[in-house]
Structures are given as C-alpha cells and as structure tokens.
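>>> Based on what follows, work out the 3D shape:
(one chain, ligands or ions: 1)
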Amino acid sequence: MQFRKLSEYFERLEATPSRLEMTDLLSGLFKEANANEIEKIIYLCQGQLAPAYMQIDVGMGEKFVMEALSKVSGYTREEIEKLFKELGDLGLVAEKVSGKKRQSALFSAELTVLKVYENLMKISKASGTGSQEAKIKLLAELLNSAKPVEAKYLVRIPLQNLRLGVGDPTIMDAFAINFIGELRKNKKIMQEIEKELKETKEEKRNEEIERRLKFRLREMIEDKYNVRPDLGNVAKLLKQKGLDGLREIDIEPGIPIRPSLAERLPSSEEIIRKIGKCACEAKYDGFRIAVHKKGNEILLFSRRQENMTSMFPEIIEAARRQINAKDAILEGEALAVNEQTGEYFPFQITMQRKRKYDIAEKAEEYPLKLFVFDLLYRDGKNLMNLPFSERRRELDKIIKKGDAIELTKSIITDSPKEMEKFFEDSISKGLEGIIAKDLNAKYIAGARKFAWIKLKRSYRGALEDSVDVVILGYYKGKGLRTEFGLGALLSGVYDEKEDKFRTLAKVGSGFTEEGMVEMKKMLDKIKRGNKPARVDSLLEPDVWVEPKYVIEARADEITKSPMHTAGRNEKDTDGYALRFPRMIKLRTDRKAEEATTVKEIIDMYKLQKRVKTEDVGTDAA
Ligand code: AMP
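Sure, this is the predicted structure:
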C-alpha cells in the first residue's frame, strides 16, 4: 500500500467525530491491506511500530524533527520554529512547508507503507554517537519524497502525537465487522443465535443476527487480545487464516497478558452472598508484577505490560532461586518492606523503586518483597482455565522458601465474621484491605468480574477509594493561578462499550506550584485545537488535550450532576461528578483506557448510597 493511501485514511480518521464511521474506515483499511503489511499498518494506526510491551521507541525530540524539516524544505530553522509557534503542531508545519518546498527534491519516489515502516524502525534502533544525525537523515529521506498529507503524519509518528483518536476497542470492532460473513457459516453458533431469537419479530431478525454475530466476534478477538495484547498480530493471523488464525494465539512466557481486575463490595456479608465460600487474601499496596520465567531468563512486566526487568534485580534473583519450574508465569504485588521491623513501607516509598537510574542503591535501601497470588502457566501448560483453588495449589507447590518471594497471606472461609476478622487484622498491619477470590473462577484476563472482590475500609464511609481519571483538557486559571497558566483539569472516565471518555470532574486542587508548571508543559505537548473525537463533554476547557495522562484523584463523594457526561443517558439526563476532587498523583502506570470506567463510577455511586442508608460494615476510618 502506498503511504499516501494510509495518510488519507489517517486524515479521515482524524476528522470524523463518529465512532461508527471510524470503525467503518478501519474496516475498509483492513480489507485494502495485504497480509504482509497489515501488521505494520495496525501498529502505525496505534502510533507505534510494535506492540506496546516491546517498548520500541520511535521517539524524536521536536528539535530534531525541525532540523529534518528544515533540511528538506529549504526553510530556515527560525522560520520553522515561527510556524510551529503559530500552528502549535509540527505535523501541520510539515504539511504546510511540504506544499511549498523551496528546494526541489534530489530523488523522490512514491513512499510505500513498508518503506516508511522500515525507516521508522531504523530511527528507533539508532543509538550511540552520531545517532541523532542518523535519525534526522532517515526522517529527512522520507520527508523528501512526501506529499503534504504524508509529511503531516510522518512527523507526528516520531513525535508520538498521531492524534487519530483510535482506541484498541475500535480497532477490534473493525476486525469483527469484517468476519461476520465467516462466522455466519458456523452452524453451531447460528443455531444458538436462532434459539436466542425465537421471540424476535421477523423484520428485526436479520439485523439482530448481525449484531449478535458481531458481539461474539468482538468477544473472541478480545479474549485473545487479553492474553496477547498485540493487535498487529491478531490482524495478520485473521488476514492469513481467517477466524481459524485466532486459535494460534495463546499465553506464552515472555509476552505479558492483560491482568485480571477486582470488583468492589461494601461488606463481608455481601461478598459471601455473592461468591460463597472463598479465599481471602491480604491486599498489599504496592505495584503489580507479572514474573515470566523461560528457563534461566526472567522477565518482569507491570500491570500495563511494560517491561520492568531491569528495575528489580532482587526479584530476578529470587525468581531463579525460588520458582521450582522451568517455565512459568506468575503474578504478585511487590512492595518495600522494612527488614528490621518487618513492616510494610507506604506506597510512596515503594514507588521510589520504579526508576531507571541508581537501581542498585535504591534496591539496597528499600528491598522489595513480592507477594505472589496467581499462577497462569507452568511448563507448557496454560493454567488460566483451571479454577482458582487449583491454580493456587499449584502455586503453593512451586514456590520454594526464600527471602524475596512469599505467598500472599490467605484464608478460606464462608463466614462473614471470620472474613471481617481477617480484614481487621490486615488493616492493623498497615495493609489496604482484602481481596476475596472465587475458588471456582478461571483467570479472567483484562476484565473486572466478580472473580476477585476487593474490600477496603474506605467503602464504609465517604468515598475514599480513589478514582483514576483521564485528563481531557485544562482551564487556564484565575487569580494566583494565572501565572502558572493552569487552574484546573477537566477529567473524565472511560466508557468501555463506546470507547469514549466522558467527563466526571474539574480537578483544581492537590497540585504543588512546581507540579502545575510541569503538568502544563506536559499537556501542551498533546494539546488539540478541537475536542478530540473520543471525548464526550458538555464543558469546554480553555485547552483540549489528547486523552493520554491518567491521574489518581480523591473526592468526598460521587454526586449526580447535569454538567458531566459520565453515566448520562437520555432517560435520566444527569451524569455523575466527583465532589471536591483533588489530585493525588500522576499515574504513569496506566493508559487512558485503563482509567476507572463509567460502569465502576455507577457501581461506586450505588455502593455509596447503600452504605449511607444501610450502615453496613464496621466503623469508618
Ligand atoms: P485496585 O487497583 O484497587 O483495583 O486493586 C487491585 C490490585 O490490588 C491488583 O491489581 C493488585 O495490584 C493489587 N493486589 C494487592 N494484593 C493483591 C492480592 N492478594 N491479590 C490480587 N491483587 C492484589
């Protein structure tokens, strides 16, 4: 495929405010691409060159991109900088100067997607002395042959600011649409659907069959994406082998899976009512780590599938010594423990271990302990579909005694009283609360189901569980705040069904002065002229930004509000809002799509209402 064609798709994707239209466009793009290029095209749509977990960074600083632009266009650096100030986006600058090049290209050929991908990959691999020069040259080579629309996107990719507004769920929907015809041929599934639709009127039938087929396809694709978050690979297999291709995707040591998430309930009684006899584990307040063991090689991944192998040498060593299996994937929560007293350090201290420099010193100062709680794979066997009780038994068997890896503290009970006691015990040790686990549940990758239920002290009083909100824009601030240029953040939560961000709060407190300056700088790099396509908002901030950064916020409670769009619908026009929201910290470990969801907010609101009226549980903290 010519890169011009892909750029035109990008342009249309960027321009449409409609998610349905986006899905159709992506579905068309999928059809047009061939099996050799589809993988790369999908990565480029995501603004990357490989699945995120591979952390292939094609990033180039603005300065170097301007250098490349100046090199091919004949415009001086000063002129380019001036245009940048005017237009606020180097992509637009590239588009403009490419249309009015002052020097003719020495050698110019039509760019193909494969050629562009190859050069971008070379840019990402260049390192050491002279690498900046090499990167500038590689980008300039592409820009030299680029039409204005191509130049716009060629520049935005290395700036990591593609602005298409396409989320992974929309890409998965597009794949699903393309395979409705194939799934229709599956007799078993069609019989099931026919059965479900016995009562449906004839004239609605076809449409409903189509909807259900699409829904099932989406689930089939998402199940695979959850164990291997690589949509390029999904696309390639679908293109090569149709739906049969999905069968080839399985859990594999070295490839991070999307983690299972916990629901909330307000009391031990409700938990037992919901899942019966269950395992109760201490809830440690650190960060989640997946340990992948492939023989002697150990890899560590964060909850967001980032590779953290180099950060925690003591866990790597312990994994070699303490995991009694050749290959394994297990999960746990890591936190810093005071070796003298055996007490757990607070989260802020544990977080200091997430760093790229001075790793050995910090490891000495705050050694981590990994409390492991699940085993997903062992020596060629995928254990995800076994009931939790069996997975835990296997886990207990393969962990040898040692210092850095321990099993989570756990009891099995069907008595609310006993659970309560375990809960109080955990709290008194400085832990966050407990997580109850359904003994019969499979490991549910990438989803929040009632297989895990968390119980925290905070649910008993006002809303004290924090929420993770995505920054959607900012207000410039009045009075004292004017000098920082930032007064409040318009923020929202994620609507998984629609792949949209809906507003929930204007967060205006909880920042330090330096924090505000830093935040503004960070946000200005991703600002947008108009409301991004995936944002649903009734409010208009002074500056819109690409939904990218997640902050943890606390509030007094969740209220109904006509101003916000989270949870708003036609029947009941009010949305939900946070009362007195304040920022706690930037959550660099979450992507925008991993923020709190609209559904969670609605659930939290219901929970809070019940707590207020029924007075469940013990005293509030
Ligand atoms: P939350 O982030 O509040 O939704 O709670 C879920 C998180 O608690 C998980 O993602 C883990 O990082 C953490 N966690 C701490 N202890 C446990 C445990 N025993 N079992 C599962 N998750 C745990």
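>>> Give the helix, strand or coil label for Tyr474.
Counting by DSSP: H, G, I helix; E, B strand; the rest coil, the backbone at Tyr474 sits in strand.
>>> which residues touch it?
Leu486, Gly487, Ala488, Leu489, Leu490, Lys520, Leu523, Pro541, Asp542, Val543, Val545 (C-beta atoms under 8 Å, 6 or more residues apart in numbering). For glycine as for every other residue, the C-beta is placed from the backbone atoms N, C-alpha and C.
>>> With Ala262 instead?
By C-beta under 8 Å, 6+ apart, the neighbours of Ala262 are Ile435, Arg448, Trp452, Ile453, Lys454.
>>> what bridges to it?
Beta-bridge pairing for Ala262 (DSSP bridges): Lys449.
>>> Which of the contacts of Ala262 sits closest to Asp495?
Arg448 (14.0 Å; C-beta to C-beta).
>>> Close to the ligand: what parts of this structure are there?
Within the chain, the positions adjacent to the ligand are 261-262, 281-284, 288, 303, 333, 373, 408, 435, 454 by C-beta under 6 Å from any ligand atom.
>>> Could you export the residues you listed as CSV, including secondary structure and pLDDT?
What follows is the residues of the chain next to the ligand, written out as CSV (DSSP: H, G, I helix; E, B strand; the rest coil; pLDDT from 0 to 100):
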residue, secondary structure, pLDDT
Leu261, strand, 93
Ala262, strand, 93
Glu281, strand, 97
Ala282, strand, 95
Lys283, strand, 94
Tyr284, coil, 93
Arg288, strand, 95
Arg303, coil, 91
Glu333, strand, 97
Phe373, strand, 98
Thr408, coil, 96
Ile435, strand, 97
Lys454, strand, 92
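>>> who's in contact with Ala592?
Per C-beta under 8 Å, 6+ apart, neighbours of Ala592: Gly167, Val470, Tyr494, Phe501, Pro547, Lys548, Tyr549, Val550.
>>> Kindly apply the preceding question to Ala290 instead.
By C-beta under 8 Å, 6+ apart, Ala290 lies in contact with Pro256, Ile257, Pro259, Leu300, Phe301, Ser302, Ile329, Leu330, Glu331.
>>> what number of residues lie near the closest residue to it other than its chain neighbours?
Distances taken as C-beta to C-beta, 6 or more residues apart in numbering put Phe301 closest to Ala290, at 4.5 Å, once the chain neighbours are dropped. By other C-beta atoms under 10 Å, 23 other residues sit near Phe301.
>>> The helix or strand of the chain with the lowest mean pLDDT packs against which elements?
Using mean pLDDT, DSSP states H and E, the weakest-scoring helix or strand in the chain turns out to be helix 598-614, at a mean of 79. For helix 598-614, the elements it packs on are strand 261-264, strand 467-475, strand 488-495, strand 557-561, strand 575-579, judged by 3 or more C-beta pairs under 8 Å, 6 or more residues apart in numbering; DSSP states H and E.
>>> Quick one: distance of that helix to the chain centre.
Distance of helix 598-614 from the chain centroid (C-alpha atoms, centre = their mean, to the nearest Å) equals 25 Å.
>>> again, but for stretch 265-284
27 Å.
>>> and if you look at stretch 341-358?
Counting by C-alpha atoms, centre = their mean, stretch 341-358 is centred 23 Å from the centre of its parent chain.
>>> Name the residues of it that are buried.
For stretch 341-358, burial by neighbour count (16 or more other C-beta atoms under 10 Å) applies to Tyr344, Phe345, Thr350, Met351, Arg353, Lys354.
>>> can you list contacts of that stretch?
Contacts to stretch 341-358, defined as C-beta under 8 Å, 6+ apart, come from residues 284-287, 308, 310-312, 334-338, 362-363, 366, 368, 429-431, 589.
>>> Could you tell me the end-to-end distance of it?
Distance between the two ends of stretch 341-358: 25 Å, counting by C-alpha to C-alpha, to the nearest Å.
>>> quick one on the thing from earlier: check the spacing between the residue nearest to Ala290 and the ligand real quick.
Noted for Phe301: a distance of 12 Å to the ligand, by C-beta to the nearest ligand atom, to the nearest Å.
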